[in-house]
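> Need coordinates for the below:
(chains A and B)
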Amino acid sequence: MSRKRLISSFLFLFSFWAFSYGQDYFRFRSDFTLKEISSVGDTTESRLIIGSCTYDSKINKLSYNLTFPLSEQWVIQDTFVYTIRDGKLVDKTTAPYITEHSIFKMLLAQSLNDFGLIKSGYQIESVKRLENEVYITYLPPEEYRDALGPLVLIKEKKLLKGVIYYEPTGNMMFRQQLDDYQIVDGLPIPGELTHIVEKDGKSIKRILSFDHVVINEAGHDKLYDIVVPDLTQ
Amino acid sequence: MKHLLSLLFMVCILATTLNAENDKSVAESPDQISQVLKADKIAIDQEFQALDALEQRVKAENLTYKDLDQETVQALSLKSDVSSSLLAVAGADDLPLGIPGFWWGFCLSWVGILLVYLLLEDSPDRKEQTKKALIGALVGLGVYIVFWILFWASFSVI
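As a prediction, the model looks like this:
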């Protein structure tokens, strides 16, 4: 093998390795705003949450740094939620696991494209087109079809634009729209997610917006791995 | 033996019927879905106008909940508890280990029902999941009984 060919092969392999390595997304940081209106019967409540968030998938740690309604930090790791105010731990509660369906996990794992459905055992039932959009209907695994209904994903130019979830009875229970995509370091990030849940006379409408998104930030480890102070401090 | 075969045949027919019903999708057509989503956008834009205005004000003036006057809080029915909203965004699943209540009951019987009841917070969802766990436990018991009847029936036939 000539030296030129050897160098070419080496460069090819190196670029392939670098490309593969570059696709490993594990950190997410962004400013966010969450607006929510929920209603049960005649009672309506609204919530406004403003702050920034960091998520590191390698340590599965999610932190919210809120400025509104209160200036405080929320750190979620394993099954614990820590609330920190003025540098002091003011509350520690248990919470369910951050699942595979967390928006942060899905954005980084790039599984937002199929909403992580294939991994969950869902199967494609049909693919239909309407103008520029593609509607893909998924059915849950057979053993869960009494409890879970079909899911429809709407894609435009390979980007996920909407998610519709039906109950087995045919009630459209959950719908989500994803808009204002931006590409950050090769990763498509929706700037706004709107979702509506309606069930048994209750409804939750939520708008989540991301701004100033940073992906795979090097250094600044303290931002992602916030040290939780001791409860007694 | 003849009765046993008849019973198995009936079970197979029932299972096939149930499967056929489950295979039928209840999803609507793209046209219908598109119309619903367009209507959602318009409704949400209107419904969130007041919250949008508050967001702009809070960001511009660097306010916290305590800085807001009572009139604003009441007009919007604005709440300061954010736990459920933040956890929902985090994707924290409301189901114990993400497994539906039915399967807890089906696999672990009364222990599964108890676990579902204890692991979920007091909410309508807990009641619903516990009920599903109870149904799961009863179905599991039914399957267990049918299995043993068939098992002993096959012995007596032999």
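
> For stretch A:69-83, list every residue counted as buried.
For stretch A:69-83, burial by neighbour count (16 or more other CB atoms under 10 Å in any protein chain shown) applies to A:69, A:72-77, A:81-83. The C-beta positions use only the backbone N, C-alpha and C, and glycine is treated the same way.

> brain fart, stretch B:146-155
Under 16+ other CB under 10 Å, stretch B:146-155 has no buried positions.

> CA atoms only: put that stretch into CSV for me.
Presented in CSV, the C-alpha positions along stretch B:146-155 are these (Å, rounded to 0.1, in the frame of the first residue of the first chain):
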residue,chain,number,x,y,z
VAL,B,146,-58.4,-21.8,34.3
PHE,B,147,-54.8,-23.0,34.0
TRP,B,148,-55.1,-25.5,36.9
ILE,B,149,-58.6,-26.7,35.7
LEU,B,150,-57.1,-27.4,32.3
PHE,B,151,-54.0,-29.0,33.8
TRP,B,152,-56.0,-31.4,36.1
ALA,B,153,-58.6,-32.0,33.4
SER,B,154,-55.8,-33.1,31.0
PHE,B,155,-54.5,-35.5,33.8
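
> Need the residue closest to the centroid of chain A.
The centre of chain A sits closest to A:I103, judged by CA atoms, centre = their mean, with a distance of 1.0 Å.

> doesn't B:G91 make contact with that residue?
Yes. Counting by CB atoms under 8 Å, A:I103 touches B:G91, with 6.3 Å between them.

> circling back to that earlier point, let's see which of the buried residues of stretch A:69-83 end up in strands.
A:72-77, A:81-83 (DSSP state E).

> In the buried residues of stretch A:69-83, which has the lowest confidence score?
Lowest in pLDDT among the buried residues of stretch A:69-83 is A:Q77, which has 84.

> doesn't A:S57 make contact with that one?
No. Using CB under 8 Å, A:Q77 is not in contact with A:S57; the gap is 12.0 Å.

> sorry, back to before: of the ones in strands among the buried residues of stretch A:69-83, closest to B:E28?
Using CB to CB, A:I76 comes nearest to B:E28 of those, at 35.6 Å.

> Can you give me the separation between that closest one and A:R145?
A:I76 sits at a distance of 32 Å from A:R145 (criterion: CB to CB, to the nearest Å).

> what do you get for B:G101?
When B:G101 is compared with A:R145 (using CB to CB), they lie 16 Å apart.

> neighbour count winner among the two?
For B:G101 versus A:R145, the count of surrounding residues by other CB atoms under 10 Å in any protein chain shown is larger for B:G101: 28 against 18.

> Please work out which residue of chain B is closest to chain A.
Nearest residue of chain B to chain A (CB to the nearest CB) works out as B:G91 at 2.8 Å.

> Pull the contacting residues for the residue nearest to that residue when sequence neighbours are not counted.
In space, B:G91 comes closest to A:S102 once its chain neighbours are excluded; the distance is 2.8 Å by CB to CB, 6 or more residues apart in numbering or on different chains. Counting by CB atoms under 8 Å, 6 or more residues apart in numbering or on different chains, A:S102 touches A:62, B:89-92.

> For burial, what's the neighbour tally of the closest residue to A:G162 other than its chain neighbours?
In space, and not counting its chain neighbours, A:G162 is closest to A:I154: 3.6 Å by CB to CB, 6+ apart. By the measure other CB under 10 Å, the count of residues near A:I154 is 23.

> Paired strands for the helix or strand where A:L89 lies, with orientation please.
Assigning secondary structure by DSSP states H and E places A:L89 in strand A:88-94. Strand A:88-94 has the following strand partners under DSSP bridges: strand A:80-85 (antiparallel).

> Please parse chain B into its domains.
Domain assignment of chain B by automatic domain parsing yields the ranges B:30-80, B:93-158.

> Which of the ones you listed has the lowest mean pLDDT?
domain B:93-158 (a mean of 75).

> Residue of chain A closest to chain B, please.
For chain A, CB to the nearest CB, closest residue to chain B: A:S102, 2.8 Å.
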